[in-house]
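Visitor: What would the 3D arrangement of this be:
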Amino acid sequence: MSGRAPARMKAGEKLDLHTHSDRSDGTLPPAQVAREAARRGVRLWALTDHDTVSGLNEAAAEASSLGIAFIGGVEISTRQHDYLHILGLGVNHRDKRFLQTLEEAASRRDARIRRVTEQLAAAGVDISYAEIRGLARGSLSRAHIADLLKSKGYASSRSDAFRKYLDPGKPGYAPSGGLDACEAIAAITNAGGAAVVAHPGLVLPVLELPAWKTAGLAGLEVFYPSHSADMTRKLLEMAVKYGFFATAGSDYHGPDSGRTASLGAPLPEKLRDEVAASVEKFVWNS
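Guide: Numbers count the residues shown, from 1 in each chain. Model prediction:
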């Protein structure tokens, strides 16, 4: 048991409700992400790997040993947009229906990776699906393709590989084949979790908040590294308008991931306890 989220954190303590491990496209094992979170003063932490909950038990055990309040989560990709993702906080990771939904999401993800590999091969890039599968400890992602492109000298980093081969208009781009957003929201809600739109500032034109509220959407990730102050204010207003709670996450992926965000969400301390209280009931207790 990791214990309950602290009602009030001490000055300088942080929370982070959006992180990744090597069970999806992060670079560190779940237990190591927990240790890094503790080292950086994170007191309330959620692991939210893409379309998988396979790292939650390991993460929870390490968080407990470190005295960190832990929330088991997931991040589900959708077909509406490459970056329209739904976070699930506090999902029942043993729920059979939910696990079946994640298997379907993983199958769609796998199909996308195969399409990308075929397109790159047609463009003369020497990579195979088997090589990509060999890099992944959990769910496949385009980040694994980027890592392979880097290792074979086609790119200097993950971000360089995306720019050259995987972004829209490039030879290896294939659109997301994920779940419908309402499907993802309903699956999370039915598994006892809270559905939250991840990094909504990145997908503002495709937000359908009234419909998603009807489907069970509970929150917006208002505080996020790339959200400007103006965007953050706008999202806070949206959260109030629709009765959503606000969450905060770094989208940490670990070293050598091409992501610069470190653990600990970009959240003013005056709002930190309010965010923590909104997710307290989802803290891991089994």
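Visitor: Please count neighbours and contacts with C-alpha atoms only from this point.
Guide: Noted.
Visitor: quick one, helices of the stretch 51-200 of the chain?
Guide: In the stretch 51-200 of the chain, the helices defined using DSSP state H, counting those that start in this stretch lie at 56-66, 96-122, 129-135, 142-151, 158-161, 181-190.
Visitor: What residues sit buried inside the third one?
Guide: The neighbour-count criterion (16 or more other C-alpha atoms under 10 Å) identifies 132-133 as the buried residues of helix 129-135.
Visitor: how far out from the middle of the chain is that helix?
Guide: 22 Å (C-alpha atoms, centre = their mean, to the nearest Å).
Visitor: That helix packs against which elements?
Guide: helix 96-122, helix 142-151 (3 or more C-alpha pairs under 8 Å, 6 or more residues apart in numbering; DSSP states H and E).
Visitor: Ok, which of the helices of the stretch 51-200 of the chain comes nearest residue 269?
Guide: helix 56-66 (22.1 Å; C-alpha to C-alpha).
Visitor: by contact count, what packs against the closest one?
Guide: With contacts taken as 3+ C-alpha pairs under 8 Å, 6+ apart, helix 56-66 sits against helix 30-39, strand 69-77.
Visitor: Tell me what angle the shortest one forms with helix 30-39.
Guide: Relative orientation of strand 69-77 and helix 30-39, computed by axes from the mean of the first three to the mean of the last three C-alpha atoms, to 10 degrees: 120 degrees.
Visitor: coming back round to it: so which of the helices and strands packed on helix 56-66 is the most surrounded?
Guide: Highest mean neighbour count of the helices and strands packed on helix 56-66: strand 69-77, a mean of 30 (counted as mean count of other C-alpha atoms under 10 Å).
Visitor: quick one: buried residues of stretch 251-265?
Guide: 251-254, 257, 261-265.
Visitor: residues contacting the nearest residue to residue 252 once chain neighbours are set aside?
Guide: Excluding the flanking residues, the one nearest residue 252 by C-alpha to C-alpha, 6 or more residues apart in numbering is residue 19, at 4.7 Å. Applying C-alpha atoms under 8 Å, 6 or more residues apart in numbering, we find residue 19 in contact with 46-49, 249-253, 263.
Visitor: Turn the residues you listed into a markdown table, columns for pLDDT.
Guide: Below are the contacts of residue 19 laid out as a markdown table (pLDDT from 0 to 100):
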| residue | pLDDT |
| --- | --- |
| 46 | 98 |
| 47 | 98 |
| 48 | 98 |
| 49 | 98 |
| 249 | 98 |
| 250 | 97 |
| 251 | 97 |
| 252 | 97 |
| 253 | 96 |
| 263 | 96 |
